[in-house]
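In: Got a predicted structure plus its sequence, pasted below:
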Amino acid sequence: MPAPWSRRLAEAGFNADEALILRRSVDANGKSRGWINGSVATAAQLREVGAHLVDIHGQHAWQSLTRPEEVRSLLDRYAGVDTTELNRRWNHWRESDRALAAARTAQDTLQNERERLLWQVAELEKLSPGSDEWESLNTDHRRLANAQALLEAAQAALDNLEDEDRGAVRPLARALAILQSQEGVAPEFRDLSQILASSLAQMEEVARSLNAWLRQTDLDPQRLGELDARLSLWVSTARRYRRTPAELPTLLASWHVELSRLDAAVDLGALQTATSAALESYMQEAHRVSRMRAEAAPKLERAITFAMQGLGMQGGKFEVAVDRAEPGPRGVEQIHFLVAGHAGTSPRPVAKVASGGELSRIALAITVTTSQLGSAGTLIFDEVDSGVGGSVAETVGRLMKQLGRDRQVLTVTHLPQVAACADHHYLVLKKSDCVATESSVNTVLGEARVAEIARMLGGEHLSGTTLAHAKEMLAHGAPRGRR
């Protein structure tokens, strides 16, 4: 298992050992369950991982050759083209173009909105609300509005500390002196003296602080009037815009952001420049992809034309038409496959090839040519040999064997010429009764293997001739050591 998938599985919570086991069950009621390395997985996870492990080609593969997206995808895989970046640039260009178109359509509306917002911003900037100003204004206003009461409280507290007649400092100092004078007689007074000394120091510190505050504080009615006016302006402005005063700074900031957006939206010149730059970037990538497709197209033509010759279409020709188209997420061209089934005919679109056998062989030629491009280790061909026979069927078998040299190839076939080229055989049987239908897959070995090839040749009646023919086919198709 590739290392990148190991990491992806580990990130998704699955066991990412070297072995990778995908399992899915469907019960009688149609309910489906899936597992990856023993852990429950969704159908999408199974599909994502399985797509990189198994490549399936069905008998109606030619139908996809009529769909433009499938045709383009096939050429891109052959050319090694990754259109992820092209798709990203396409989306960027379209988004820029839509923004420009919307701006042109809404030009008058946007301009009116911008002028209204400019007026609102100008009005609110007259107030110039600071982010912390409202709280600071209220704090200062409360202090000045209560300045008289604060002054009286401070002076009264100071009087109760320092007044000669009723102040607390002097009596406390006298009590401390008395205790200290008796410490020699009663040592236990020393602890009490220390407590009084600490209390006296704290009271004196409070007195000093109150004196300092009283010297620096006055009623300042002028400042109080200024604060009243400023607070009133905040409140009236907030009421006008139906906000609380504390929301005004945030409101002004949001209006500036919206004004910047409107300025950009009404700037048609800038939008046009951005759109042109996005288009140029897209076209650069589109031209790079176009060059890769143009270089790969003739190589793909030759490879598939060569494969057609061995599939009974001698003189046939395959062409890849790369036509200019309107720009899109996958580029600026449309891809068509044209086919001439045999010499002397002009190539026509695949959908107009009348013969079903030719369609099947063309699809097979394309499948064989392009299957080597994928990284999947297992290829499954489901009756892609439908509509062919004889020597062409033998060629199909050899092609399958050739593909099986470097990867696992599973083929569902009804042609003995194809089956005889396989290294291993499995017989699929379906049995039904009045109650249920069962399908089984069994390994076919030895004489049973010969019998099944003979049955594909001559039906249920096995003659010595058909058995001999089957043995000869198996001997001719099997590699050395397996005869």
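Out: Yep, it's here. Everything quoted here is computed from the prediction, not taken from an experiment. Residues are numbered from 1 along each chain as shown.
In: Leu251 against Thr244, yeah?
Out: No. Proximity of Leu251 to Thr244 does not meet the contact threshold set by C-beta atoms under 8 Å, at 9.9 Å. C-beta: built from backbone N, CA, C; applies to glycine.
In: out of those two, which sits in the busier spot?
Out: Between Leu251 and Thr244, counted using other C-beta atoms under 10 Å, the more crowded position is Leu251 (18 against 12).
In: On the three-state scheme, the more buried one is what?
Out: The three-state assignment at Leu251 reads helix, by DSSP: H, G, I helix; E, B strand; the rest coil.
In: so the closest residue to it other than its chain neighbours, which of the three states?
Out: Spatial nearest neighbour of Leu251, excluding adjacent residues (C-beta to C-beta, 6 or more residues apart in numbering): Arg243 at 5.7 Å. Under three-state DSSP, Arg243 falls in the coil class.
In: Against Leu196, how distant is the residue of the chain positioned farthest from its centre?
Out: Centroid-distance maximum for the chain: Val185 at 90.5 Å, with C-alpha atoms, centre = their mean. Using C-beta to C-beta, to the nearest Å, Val185 is found at 17 Å from Leu196.
In: what do you get for Gly80?
Out: Applying C-beta to C-beta, the value for Gly80 to Leu196 is 97 Å.
In: How about Arg243?
Out: In terms of C-beta to C-beta, Arg243 sits 58 Å off from Leu196.
In: Of these two, give the one with the bigger neighbour count.
Out: Counted by other C-beta under 10 Å, Arg243 and Leu196 do not tie: Leu196 has more neighbours, with 19 against 13.
In: Need the nearest residue in space to that one, chain neighbours excluded.
Out: Closest residue to Leu196 apart from its sequence neighbours, by C-beta to C-beta, 6+ apart: Leu176 at 4.3 Å.
In: thinking Pro249 is in contact with Gly130, fair?
Out: Yes. Counting by C-beta under 8 Å, Pro249 does reach Gly130; the two are 6.8 Å apart.
In: quick one: which of those two has more around it?
Out: A side-by-side neighbour count of Pro249 and Gly130, using other C-beta under 10 Å, places Pro249 first with 18 against 12.
In: Could you pull out the helices in the stretch 51-200 of the chain for me?
Out: Listed in chain order, the helices of the stretch 51-200 of the chain (DSSP state H, counting those that start in this stretch) span 68-79, 84-105, 107-127, 133-145, 147-162, 169-181, 189-216.
In: just so I know, which of those helices lies nearest Ser346?
Out: helix 68-79 (19.2 Å; C-beta to C-beta).
In: Residues in contact with stretch 10-30: which ones?
Out: With contact meaning C-beta atoms under 8 Å, 6 or more residues apart in numbering, stretch 10-30 is reached by 1, 5-7, 9, 32-39, 41, 43, 45-46, 49-50, 53.
In: 6 Å instead?
Out: For stretch 10-30, the surrounding residues in contact (C-beta atoms under 6 Å, 6 or more residues apart in numbering) are Met1, Ser6, Leu9, Ser32, Arg33, Gly34, Trp35, Ile36, Asn37, Ser39, Leu46, Gly50.
In: With respect to Ser463, which of the residues you listed is nearest?
Out: Gly50 (43.3 Å).
In: Please give me every residue in contact with the closest one.
Out: With the criterion set at C-beta under 6 Å, 6+ apart, Gly50 makes contact with Leu22.
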